[in-house]
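Q: below are the sequence and a predicted model; questions follow.
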Amino acid sequence: VKWGEDNTVQPNLAEKWTIDPAGTLYTFKLRPNVKFSNGRTLNAEDVKFSLERACDPKFASPTAGTYLTDIIGVRERLAGTAKEISGIKVVDPTTVTIQIDKTRPYFLGKLTYACAYVVAKEAVGTAGATMTKPEQMIGTGPFIFDTIDSNRLVTLKAFKEYHEGAPKVDRIERPVVLDAVTRLNMYKQGQVDLIPLERQDVKAIQADDKLKGDLKFFDRPSTWYVGLNCNLLPALKDRRVRRALAMAVDRKTIVDGILGGQNVIATSIVPPGVPGHRENVAGVPYDVAGAKALLAQAGYPGGKGLPEIELSYRDGRPDVELVAQALQQQWKEALGVNLTLQ
């Protein structure tokens, strides 16, 4: 399955599926004559193999344990106590069933993630091996890996037998450019056709007669949040500490002052456009006095005794760094909490 443009799950390799009355048994009927990029026809055994490969403990997928553990038998496969995933059954060459542990309305959405992609068994190599060469990267998508220089450039060519029709673009070159300024300069010089634009560059582009017509805005179904690892810092296991930190974040200042008002304040984890989003959620209020009181109740008045918190953030995105720096300042000024950034 895949995400559609309307942000709903749509058929892809499976042309249709049914769910039993209990909501736990999914039966997928594969499209006929879907081709891998090596010319072989996809079958149900490929689906089973690919999911079991992603859950092979030798492969050590960083995402399979998050996205696939609803499937019965995945935990055992990840732990190395089972060679197969018991909840995945091949019924016939074009039919596969997946049994999950309980009713989960969001399960199909999880199957859109990369750890559920179907690959050709004969191409990937030995068990647990990571695909590093184009000849190993045999899938069913609209493009085929052509060349890979992981630190510089990835090129792809059109797969003419793609099941939804041959792509309209014959070739894609994807430069690996981590620095936002360099990306923008490459666009200005005509070296690339498309870039994500940093917020701080928007006004300059809007004032540029040559470039302003190229600027397109899209709502992005994503949320910026701070994840607190309670296992690394036991103090965070106290709900009062976590809530105090949340209450000390001035989201309005971050969105309007630091980010120029181009973002929307998040009051819940599910963003607009994603099923489950709720409008008019109050969320955790910005309340410095209340945050101080909670932190003191937890045994850390003025932040005293609370270990330093280390915040890791995504490199190469200036706005992410600005938000991290704002959190560092707000928590220090409001609560006396020390935050180090990396």
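A: The structure has been received and is ready for your questions. Residues are numbered from 1 along each chain as shown.

Q: could you use CA atoms for every contact and neighbour count after this?
A: OK.

Q: show me what contacts the closest residue to V281 other than its chain neighbours?
A: Nearest non-adjacent residue to V281, counting by CA to CA, 6 or more residues apart in numbering: T267, 6.0 Å away. Listed by CA atoms under 8 Å, 6 or more residues apart in numbering, the contact partners of T267 are V281, A282, G283, V284.

Q: give me that answer again for 10 Å
A: T223, R251, R278, E279, N280, V281, A282, G283, V284, P285 (CA atoms under 10 Å, 6 or more residues apart in numbering).

Q: can you redo those residues as a markdown table with pLDDT and neighbour count?
A: As requested, the contacts of T267 are exported to a markdown table (pLDDT from 0 to 100; neighbours: other CA atoms under 10 Å):
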| residue | pLDDT | neighbour count |
| --- | --- | --- |
| T223 | 89 | 15 |
| R251 | 95 | 21 |
| R278 | 88 | 14 |
| E279 | 86 | 10 |
| N280 | 85 | 8 |
| V281 | 88 | 10 |
| A282 | 85 | 9 |
| G283 | 86 | 12 |
| V284 | 92 | 14 |
| P285 | 94 | 16 |
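
Q: and these, which is closest to Q99?
A: Among those, R278 lies closest to Q99 (CA to CA), at 29.7 Å.

Q: and that closest one, that one's in a helix?
A: No: in this structure, R278 is coil, not part of a helix, as judged by DSSP: H, G, I helix; E, B strand; the rest coil.

Q: what about the helices in the chain?
A: All helices of the chain, identified by DSSP state H, fall at 44-54, 64-67, 74-79, 107-110, 121-124, 180-188, 202-206, 239-247, 251-252, 288-297, 318-335.

Q: poorly predicted segments of this structure, please.
A: 127 (pLDDT under 70).

Q: can you list the domains in it?
A: 2-130, 136-214, 234-341 (automatic domain parsing).

Q: picking up where we left off before, deepest in the core, which of the helices of the chain is it.
A: Highest mean neighbour count among those (mean count of other CA atoms under 10 Å): helix 44-54, with a mean of 22.

Q: what packs against that helix?
A: Secondary-structure packing of helix 44-54 (3 or more CA pairs under 10 Å, 6 or more residues apart in numbering; DSSP states H and E): strand 25-30, helix 64-67, helix 74-79, strand 88-92, strand 95-99, helix 121-124.

Q: now render these as JSON lines, adding distance to V154.
A: As requested, these are exported to JSON lines (distance: least, CA to CA, whole Å):
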{"stretch": "strand 25-30", "distance to V154": "30"}
{"stretch": "helix 64-67", "distance to V154": "25"}
{"stretch": "helix 74-79", "distance to V154": "31"}
{"stretch": "strand 88-92", "distance to V154": "34"}
{"stretch": "strand 95-99", "distance to V154": "33"}
{"stretch": "helix 121-124", "distance to V154": "19"}
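
Q: of all those, which one is nearest D219?
A: Nearest of these (CA to CA): helix 64-67, 24.5 Å.

Q: now for the closest one, which elements pack on it?
A: helix 44-54, helix 74-79, helix 107-110.

Q: helices or strands up against the second one?
A: I take that to be helix 74-79. For helix 74-79, the packing partners by 3+ CA pairs under 10 Å, 6+ apart come out as helix 44-54, helix 64-67.

Q: in TSV, list those along with distance to V274.
A: TSV is the format used below for the helices and strands packed on helix 74-79 (distance: least, CA to CA, whole Å):
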stretch	distance to V274
helix 44-54	25
helix 64-67	17
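
Q: now the helices and strands packed on helix 64-67 as CSV including distance to R242?
A: Output for the helices and strands packed on helix 64-67, formatted as CSV (distance: least, CA to CA, whole Å):
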stretch, distance to R242
helix 44-54, 34
helix 74-79, 30
helix 107-110, 28
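
Q: ok so, going back, okay, the helices of the chain in JSON lines with distance to A158 next?
A: Listed next are those as JSON lines, based on distance: least, CA to CA, whole Å:
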{"stretch": "helix 44-54", "distance to A158": "22"}
{"stretch": "helix 64-67", "distance to A158": "29"}
{"stretch": "helix 74-79", "distance to A158": "34"}
{"stretch": "helix 107-110", "distance to A158": "27"}
{"stretch": "helix 121-124", "distance to A158": "19"}
{"stretch": "helix 180-188", "distance to A158": "23"}
{"stretch": "helix 202-206", "distance to A158": "32"}
{"stretch": "helix 239-247", "distance to A158": "47"}
{"stretch": "helix 251-252", "distance to A158": "44"}
{"stretch": "helix 288-297", "distance to A158": "55"}
{"stretch": "helix 318-335", "distance to A158": "34"}
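
Q: what lies in contact with stretch 234-242?
A: Residues outside stretch 234-242 that contact it (CA under 10 Å, 6+ apart): 228-231, 243, 245-247, 291-300, 303, 305-307, 309.
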